[in-house]
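[1] Quick check, what structure comes out for this input:
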Amino acid sequence: MYRYEFTREAYKQLHKLPVEVQRLMIKKLDYVVSSDRPLSFAKSLIHYSAGQYRLRVGDYRIIFDTDESLFIILAVGHRRDIYRP
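    Reported below is the predicted structural model:
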């Protein structure tokens, strides 16, 4: 079974978002990591400078890497801003 952890920066980004968006993101992450094939919900990113994968939550994105059975959340934010360095 997979689990997830936020980096310090991603945790700060999460708390800057509206409360309803925060709830949706946590709900989505809980659902994805509890499934049999969690990476089937994620899309692979072309440029790995931001991270390996992304999850879509409405107009918001969760950027993450994987390490065995751990999702390391690197960034969260609106889709217009999340891919900018």
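[2] Please identify the buried residues of stretch 70-80?
    71-77 (16 or more other C-beta atoms under 10 Å). From N, CA and C alone the C-beta is placed, and that goes for glycine too.
[3] Go ahead and name everything in contact with stretch 10-28.
    6, 55, 57-58, 60, 62, 73-77 (C-beta atoms under 8 Å, 6 or more residues apart in numbering).
[4] go again using 10 Å as the cut-off
    4-7, 41, 51, 55-64, 72-78, 81-82 (C-beta atoms under 10 Å, 6 or more residues apart in numbering).
[5] Kindly list the longest helix within this protein.
    Identified as the longest helix of the chain according to DSSP state H is helix 19-34.
[6] Check which element follows that helix along the chain.
    Of the helices and strands lying after helix 19-34 in sequence (DSSP states H and E), the nearest is strand 43-44.
[7] so after that following strand, what's the next helix or strand?
    strand 53-57.
[8] how many degrees apart are that following strand and helix 19-34 in direction?
    Using axes from the mean of the first three to the mean of the last three C-alpha atoms, to 10 degrees, the inter-axis angle of strand 53-57 relative to helix 19-34 is 130 degrees.
[9] So which elements touch the next helix or strand after strand 53-57?
    Going down the chain from strand 53-57, the next helix or strand is strand 60-67, by DSSP H and E. Identification of packing neighbours for strand 60-67 by 3 or more C-beta pairs under 10 Å, 6 or more residues apart in numbering; DSSP states H and E yields strand 3-6, helix 8-16, helix 19-34, strand 53-57, strand 70-78.
[10] Give the rounded mean pLDDT of strand 60-67.
    On average, the pLDDT along strand 60-67 is 94.
[11] centroid residue for this structure?
    In the chain, the C-alpha nearest the mean C-alpha coordinate belongs to residue 62, at 2.6 Å (C-alpha atoms, centre = their mean).
[12] on that earlier part again, dump the helices and strands packed on strand 60-67 to TSV, plus distance to residue 47 and mean pLDDT.
    Listed next are the helices and strands packed on strand 60-67 as TSV, based on distance: least, C-beta to C-beta, whole Å; pLDDT from 0 to 100:
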stretch	distance to residue 47	mean pLDDT
strand 3-6	22	96
helix 8-16	18	97
helix 19-34	22	96
strand 53-57	11	95
strand 70-78	13	95
